[in-house]
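In: this is a predicted model, with the sequence first.
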Amino acid sequence: MALALWKNFLQITLKRILQQRRLSLYNGAHGYDEELIKKKLQQFSGGSINLSKEDNGIAILTLNNPKLMNAFTGTMMVELQERVTELENWKDGKGLIIHGAGNTFCSGSDLNVVKEISNSQDGMNMCMFMQNTLTRLMRLPLISVALVQGKAFGGGAELTTACDFRLMTPGSEIRFVHKHMGLVPGWGGGARLVRIVGSGAALQLLGGAARVGPERALGLGLAELTLPSAEEARALGEARAWLSQYTDGPADVVRAVKKVVAAGRELPLEDALRTEKEIFGTVWGGPANLQALVRRPKHK
Ligand SMILES: CCCC(=O)SCCNC(=O)CCNC(=O)[C@H](O)C(C)(C)COP(=O)(O)OP(=O)(O)OC[C@H]1O[C@@H](n2cnc3c(N)ncnc32)[C@H](O)[C@@H]1OP(=O)(O)O
């Protein structure tokens, strides 16, 4: 009995490790040493990344370091990876809202950490660590929203692009300030921004370190909506209500919708079509499909 349980545990652990590797971009073959960079990042503590999973299938991820405008310390980067793993294993989940504590989103990397890891090896490892985490976040079978209050600067702006949607509160601002720091995006935000707004607009936003308020963001297709409230709790309630129009319904169907779109977004057409077929097979003849056939709804 104990042996069977142990075997089962090992199988589940191995499956999870393989899944994480499949969803990640970098491994040892790319000169990436995850354990080394994690050990390094653990030396720079402060703040936290909090996750709460609600019964409605929506999870709220809070970037919590308000003293530094929610800048990412080393331990927060590691915690973000842990929370993403937790979300990958949340089979009832349908949606995700990422927001910052203290009514502001995130001011990017903690500049104290940036200074300490300014050598090339640490920089490359940190870049690969965050790209792996944000790629896995983007590929979650959850419909995700970045709720931008206050400022989303540098890495904070990059994080918003790993979400499916961006909702902004009045007076908020997304700004890729990297150029002013002698940098370019390194958490995958450059490549994702081009896909969201096109290369011309991305060049303007990165090249000019431009301030993007709600109106400009809407015009560029960088944000979907300006929420009525700038107040933290109200804005979160409004974001939840907005997201629930897409997450209402059975989890397997909502997750399948996200997977189809994620495949279409990332894969060459033929691979995306084959993936769509696989996902279609998971819902065809499933409980929601059979119930709908009995109800025969009219889609007026
Ligand atoms: C690949 C990733 C690349 C990156 O993310 S590099 C980092 C890019 N981000 C930045 O350069 C942001 C620098 N900060 C700012 O511009 C301003 O602090 C910001 C966000 C406009 C907010 O301005 P204010 O509202 O006037 O508030 P403030 O400046 O008094 O800030 C409050 C306290 O937070 C601190 N803070 C803000 N962003 C930080 C950061 N990224 N790293 C470390 N500390 C940061 C700021 O120094 C201040 O602390 P203190 O009160 O002076 O002790």
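Out: Received the coordinates, thanks.

In: got a list of what the residue in the stretch 151-300 of the chain positioned nearest to the ligand touches?
Out: Closest approach between the stretch 151-300 of the chain and the ligand, counting by C-beta to the nearest ligand atom: residue 154, at 2.7 Å. For glycine as for every other residue, the C-beta is placed from the backbone atoms N, C-alpha and C. Applying C-beta atoms under 8 Å, 6 or more residues apart in numbering to residue 154 gives the contacts 107-109, 175-178, 181.

In: for residue 58, same thing?
Out: Per C-beta under 8 Å, 6+ apart, neighbours of residue 58: 93-97, 240, 243-244, 247.

In: show only the entries of those residues found in strands.
Out: Cross-referencing these against strands under DSSP state E gives 95-97.

In: closest to residue 283 among those residues?
Out: Set against residue 283, the nearest of the ones in strands among the contacts of residue 58 by C-beta to C-beta is residue 95 (17.9 Å).

In: thought that closest one was touching residue 142?
Out: Yes - using C-beta atoms under 8 Å, residue 95 is in contact with residue 142, at 5.6 Å.

In: got any residues that touch both of the two?
Out: Common neighbours of residue 95 and residue 142, using C-beta under 8 Å, 6+ apart, are residue 59.

In: reformat the contacts of residue 154 as JSON lines; add distance to the ligand.
Out: Shown next, in JSON lines, are the contacts of residue 154 (distance: C-beta to the nearest ligand atom, whole Å):
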{"residue": "107", "distance to the ligand": "3"}
{"residue": "108", "distance to the ligand": "2"}
{"residue": "109", "distance to the ligand": "4"}
{"residue": "175", "distance to the ligand": "8"}
{"residue": "176", "distance to the ligand": "9"}
{"residue": "177", "distance to the ligand": "5"}
{"residue": "178", "distance to the ligand": "6"}
{"residue": "181", "distance to the ligand": "5"}
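
In: quick one: which of these is nearest residue 3?
Out: Closest approach to residue 3 among the contacts of residue 154 (C-beta to C-beta): residue 109, at 46.3 Å.

In: tell me how many other residues crowd that closest one.
Out: 27 (other C-beta atoms under 10 Å).

In: what residues are up against it?
Out: By C-beta under 8 Å, 6+ apart, the contact set of residue 109 is 71-72, 154-155.

In: one more: residue 254?
Out: Contacts for residue 254 (C-beta under 8 Å, 6+ apart) come out as 57, 94-95, 143, 246-247.

In: swap in 7 Å and give it another go.
Out: With contact set as C-beta atoms under 7 Å, 6 or more residues apart in numbering, residue 254 has these partners: 94, 143, 247.

In: in CSV: these, plus pLDDT, distance to residue 6 and neighbour count.
Out: Below are the contacts of residue 254 laid out as CSV (pLDDT from 0 to 100; distance: C-beta to C-beta, whole Å; neighbours: other C-beta atoms under 10 Å):
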residue, pLDDT, distance to residue 6, neighbour count
94, 98, 33, 26
143, 98, 37, 24
247, 98, 37, 21
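
In: export those residues to TSV and tack on distance to residue 263?
Out: Listed next are those as TSV, based on distance: C-beta to C-beta, whole Å:
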residue	distance to residue 263
94	18
143	15
247	19
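
In: out of those residues, who's nearest residue 288?
Out: Within the contacts of residue 254, the smallest distance to residue 288 is 12.8 Å, found for residue 94 (C-beta to C-beta).

In: which residues touch the closest residue to that closest one other than its chain neighbours?
Out: Computed as C-beta to C-beta, 6 or more residues apart in numbering, the closest residue to residue 94 that is not its neighbour in sequence is residue 57, at 3.6 Å. By C-beta under 7 Å, 6+ apart, the contact set of residue 57 is 92-95, 247, 251.

In: neighbour-wise, which of the ones in strands among the contacts of residue 58 leads?
Out: In terms of neighbour count, residue 96 stands highest of the ones in strands among the contacts of residue 58 at 27 neighbours, by other C-beta under 10 Å.

In: so that residue makes contact with residue 61?
Out: Yes - applying C-beta atoms under 7 Å, one finds residue 96 in contact with residue 61, separated by 6.3 Å.

In: what ranges do the strands span in the stretch 151-300 of the chain?
Out: In the stretch 151-300 of the chain, the strands defined using DSSP state E, counting those that start in this stretch lie at 151-153, 165-168, 173-175, 211-212, 225-226.

In: quick check: mean pLDDT across the fourth one?
Out: Average pLDDT, strand 211-212: 98.

In: how about that strand and the ligand, any contact?
Out: No - Strand 211-212 lies apart from the ligand when judged by C-beta under 6 Å from any ligand atom; the minimum separation is 10.3 Å.
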